[in-house]
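Asks: Build me a model from this:
(one chain, ligands or ions: 1)
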Amino acid sequence: MIRPLARSAALASFLGLGLLAGTQTWAFADPTYHRDVEPLLQKHCQDCHRPGQVAPFALLTYEQARKRASDMQTVIEDRKMPPWHASTKEGGPFRGARVLNEGEIKTLADWVSADCPKGDPNDAPTPRKWDSDWTLGKPDLILKPAAAYTLAASGADELRVFVLPSGLTEGRWIRAVDFKPGNTRIVHHMLCAFDVSGRAREMDDDEPGPGYLTFGGYGRLKSGLPFFPAGGLGGWAPGKFPNVLKGGVGRYLPAHADVLLQVHYHRDGKVETDASSIGIYFAKEPIDKLVRGSLVLPPRAGLFSRPKLSIPAGDPNYEVRGEWTARADIHLHALTPHMHWLGKDLLLTAVFPDGKKRTLIKVDHWDFNWQDIYDFQSPVAIPAGTKVELLAHFDNSAANPTNPNKPPKVVKWGEQTTDEMCIGFLHFTRDDEHLHNQPPPPAAWIEMMEKRAARPQPGS
Ligand code: HEC
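Replies: Residues are numbered from 1 along each chain as shown. As a prediction, this is how the structure comes out:
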């Protein structure tokens with residue numbers, strides 16, 4: 001006897017609806033591995049879950065998926081996997097969001113409940129291939145540390161900044177930056193910025209071996225204040241495609257700038273080496289607008305002082321607020337929230353001059369391990385006078401498994417593992433800027449920085 005479901009599936013395919021099955025897996029009530037689950041794993045999991053990548057096991061075969069089936073269901077339903085920490089209900093929308101839709105979650109759950117039917121191998125999608133070449137073709141400039149870094153087998157995750165002299169003798173406009181992890185087993189994700197003050201080189205010189213150790217940011221100056229690079233250059237996580245800036249928008253890399261590559265290393269229990277590289281693509285079209293950076297911070301006493309932050313020991317839900325006001329009409333291109341181990345949640349809201357509000361990003365479960373850059377799918381218009389409000393919470397209780405202080409102690413602003421931060425980095429362009437391909441102002445500032453940075457290169 002033909003079961004009603006099989007009959008309706010046969011009818012659907014007879015009517016040509018089977019063509020939809022690839023994109024709308026929820027169309028089938030009895031999902032099978034090959035037809036429904038495998039495409040889902042290809043799309044959402046295999047960038048990380050395959051041999052030689054940062055995730056601890058592969059999800060390439062039926063046996064591998066079956067063995068992990070109930071774990072997969074749990075992490076998917078809790079939205080722990082794929083790792084993506086911005087809310088999908090509010091804020092964004094962001095480019096390249098690693099998110100499963102409700103239908104996909106249901107497909108996986110139904111498959112697990114039905115005891116993981118394998119289905120017909122003829123339904124299987126073509127296995128994915130991963131190209132080791134640069135996605136956008138050969139970069140105009142490839143930067144890589146002179147020597148590989150050796151990561152010990154055990155210990156906590158590590159964040160290290162590599163200082164890569166650009167060697168540029170004139171400033172260049174940039175349309176895209178791509179990243180190539182040297183060792184995908186340990187490179188968890190990367191962030192990138194540039195320095196024109198020579199300070200990052202000093203921090204590198206002060207530590208033996210390639211690069212310098214940091215905690216979240218780009219290091220700490222001798223004065224104890226955090227070091228902020230002159231500008232950002234984007235970031236990478238497995239599966240992320242480079243963001244190509246369009247419409248006369250670019251980033252500017254001043255002459256002699258040092259590119260700073262911050263790598264988050266996730267140890268795999270073996271001694272490993274890595275030398276990851278950055279590929280820079282120069283702008284082909286005239287550039288009118290520079291991607292600038294600014295920070296939404298909690299209140300501070302003066303421009304160069306630390307924000308006032310003091311999280312009481314034991315407080316499970318300490319609230320922090322901050323505010324930033326747009327002085328000109330701008331477009332917001334991307335956001336990078338930043339907190340340390342006590343961070344719990346973070347919300348950035350635009351309050352427009354007419355009183356209307358828009359959630360920019362909402363992170364409900366902050367995870368220090370995933371410091372993503374969130375690129376808006378299309379830049380958000382922010383008129384002058386708009387306030388960007390920051391609202392965040394910290395969990396400084398003993399019950400927080402990531403609390404680095406046992407027992408908890410009062411935690412203040414700082415760069416160490418046991419300190420905290422609360423920042424909303426904004427990446428934006430000014431609507432009234434028309435650079436006509438000229439270096440961005442203030443030209444005098446850039447000139448001064450370039451002179452400072454034009455010291456002899458290491459080894460010359
Ligand atoms: C961007 C990389 C990435 C993607 C995409 C990804 N994972 Fe993971 N996954 C990891 C890493 C790294 C770990 C190790 C634990 C951690 O760092 O959170 C992990 C751990 C897991 C675990 C073990 C969880 C635990 O608590 O130990 C499961 C199960 C899992 N992933 C399933 C999935 C599934 C299913 C998908 C796709 C729907 C997926 N992952 C997509 C990187 C990824």
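
Asks: how long is stretch 297-313 end to end?
Replies: End-to-end distance for stretch 297-313, by Cα to Cα, to the nearest Å: 22 Å.

Asks: Please work out which residue of the stretch 101-250 of the chain is closest to the ligand.
Replies: The ligand sits closest to residue 238 of the stretch 101-250 of the chain, with a gap of 4.4 Å, by Cβ to the nearest ligand atom. Where C-beta positions appear, they are placed from N, C-alpha and C, glycine not excepted.

Asks: Please tell me how far that residue sits from residue 350.
Replies: With distances taken as Cβ to Cβ, to the nearest Å, residue 238 is found 30 Å from residue 350.

Asks: Sketch out the low-pLDDT regions of the stretch 251-400 of the chain for me.
Replies: 303-304 (pLDDT under 70).

Asks: how about whatever residue of it ends up closest to the ligand, what does it touch?
Replies: In the stretch 251-400 of the chain, the residue that lies nearest the ligand is residue 369 (5.8 Å; Cβ to the nearest ligand atom). Counting by Cβ atoms under 8 Å, 6 or more residues apart in numbering, residue 369 makes contact with 83, 157, 188, 264, 266.

Asks: same deal with residue 376?
Replies: Counting by Cβ under 8 Å, 6+ apart, residue 376 touches 92-95, 332-335.

Asks: give me the number of residues near the closest residue to residue 411 other than its chain neighbours?
Replies: Nearest in space to residue 411, with sequence neighbours left out and distances taken as Cβ to Cβ, 6 or more residues apart in numbering, is residue 311 at 4.4 Å. Neighbours of residue 311 under the rule other Cβ atoms under 10 Å: 23.

Asks: try residue 249
Replies: Look at residue 249: counted by other Cβ under 10 Å, it has 20 neighbours.

Asks: Hmm, it is touching residue 285, no?
Replies: No. In this structure residue 249 lies outside contact range of residue 285 using Cβ atoms under 8 Å: 10.0 Å.

Asks: In a markdown table: the contacts of residue 369, plus secondary structure, distance to the ligand and neighbour count.
Replies: As requested, these are exported to a markdown table (DSSP: H, G, I helix; E, B strand; the rest coil; distance: Cβ to the nearest ligand atom, whole Å; neighbours: other Cβ atoms under 10 Å):
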| residue | secondary structure | distance to the ligand | neighbour count |
| --- | --- | --- | --- |
| 83 | coil | 5 | 18 |
| 157 | coil | 9 | 13 |
| 188 | strand | 6 | 23 |
| 264 | strand | 10 | 22 |
| 266 | coil | 6 | 17 |
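
Asks: tell me the two of those residues that are most distant?
Replies: Spatial extent of these (Cβ to Cβ) is set by the pair 83 and 157 at 13.8 Å.

Asks: Tell me where the stretch 51-200 of the chain has strands.
Replies: Secondary structure of the stretch 51-200 of the chain (DSSP state E, counting those that start in this stretch): strands located at 141-143, 149-151, 158-165, 172-180, 187-195.

Asks: for those, which one sits closest to residue 290?
Replies: In terms of Cβ to Cβ, the element of these nearest to residue 290 is strand 172-180, at 8.7 Å.

Asks: Now do the residue nearest to residue 215 when sequence neighbours are not counted: how many residues are near it, please.
Replies: Distances taken as Cβ to Cβ, 6+ apart put residue 417 closest to residue 215, at 5.3 Å, once the chain neighbours are dropped. Counted with other Cβ under 10 Å, the neighbours of residue 417 add up to 14.

Asks: Kindly report the same for residue 431.
Replies: For residue 431, the count of nearby residues is 15 (other Cβ under 10 Å).

Asks: can you tell me which residues contact it?
Replies: 328-331.

Asks: quick one, what contacts residue 277?
Replies: Taking Cβ under 8 Å, 6+ apart as the contact definition, residue 277 lies against 142-144, 179-180, 182.

Asks: picking up where we left off before, of the strands of the stretch 51-200 of the chain, give the one that comes closest to residue 41.
Replies: Proximity to residue 41, assessed across the strands of the stretch 51-200 of the chain by Cβ to Cβ, is greatest for strand 187-195 (20.3 Å).

Asks: Alpha carbons of that closest one, as CSV, please.
Replies: In CSV, the C-alpha atoms belonging to strand 187-195 read as follows (Å, rounded to 0.1, in the frame of the first residue of the first chain):
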residue,chain,number,x,y,z
VAL,A,187,42.6,29.7,13.4
HIS,A,188,39.2,30.4,14.9
HIS,A,189,38.7,33.9,13.5
MET,A,190,40.6,37.1,12.6
LEU,A,191,40.2,40.8,12.9
CYS,A,192,42.3,43.4,11.1
ALA,A,193,43.2,47.1,11.5
PHE,A,194,46.1,49.4,10.7
ASP,A,195,48.5,51.5,12.6
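
Asks: The closest residue to residue 134 other than its chain neighbours pairs with what?
Replies: Spatial nearest neighbour of residue 134, chain neighbours left out: residue 279 (5.2 Å); criterion: Cβ to Cβ, 6+ apart. Beta bridges link residue 279 to residue 142, residue 178 when assigned by DSSP bridges.

Asks: near the ligand, which residues of the stretch 51-200 of the chain?
Replies: 54-56, 68, 71-72, 75-76, 81-83, 98, 100 (Cβ under 6 Å from any ligand atom).

Asks: can you rerun that using 5 Å?
Replies: Residues of the stretch 51-200 of the chain lying close to the ligand (Cβ under 5 Å from any ligand atom) are 54-55, 71-72, 75, 81-82.

Asks: In PyMOL, select just the buried ones from those residues.
Replies: Buried subset of those, written as a PyMOL selection, criterion 16 or more other Cβ atoms under 10 Å:
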select buried, resi 54+55+72+81+82
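
Asks: Could you single out the nearest of the residues of the stretch 51-200 of the chain next to the ligand to residue 213?
Replies: residue 54 (19.8 Å).

Asks: Identify the residues contacting the residue nearest to residue 134.
Replies: When contacts are counted by Cβ under 8 Å, 6+ apart, residue 279 is found next to 134, 136, 138-139, 141-142, 177-180.

Asks: try 6 Å
Replies: Taking Cβ atoms under 6 Å, 6 or more residues apart in numbering, we find residue 279 in contact with 134, 139, 142, 178.

Asks: ok, how many other residues are close to the last one?
Replies: So the one you mean is residue 178. When neighbours are counted by other Cβ under 10 Å, residue 178 registers 22.

Asks: Likewise for the second one?
Replies: The burial metric for residue 139, expressed as a neighbour count using other Cβ under 10 Å, is 19.

Asks: Could you do residue 209 as well?
Replies: 11.

Asks: where along the stretch 251-400 of the chain do the strands fall?
Replies: Using DSSP E, counting those that start in this stretch, the strands of the stretch 251-400 of the chain run over 258-265, 272-274, 277-282, 289-290, 292-296, 310-311, 318-325, 330-339, 343-351, 357-363, 374-382, 387-394.

Asks: Quick check: closest non-adjacent residue to residue 166.
Replies: What sits nearest to residue 166 in space, not counting adjacent residues and going by Cβ to Cβ, 6+ apart, is residue 257, at 5.0 Å.
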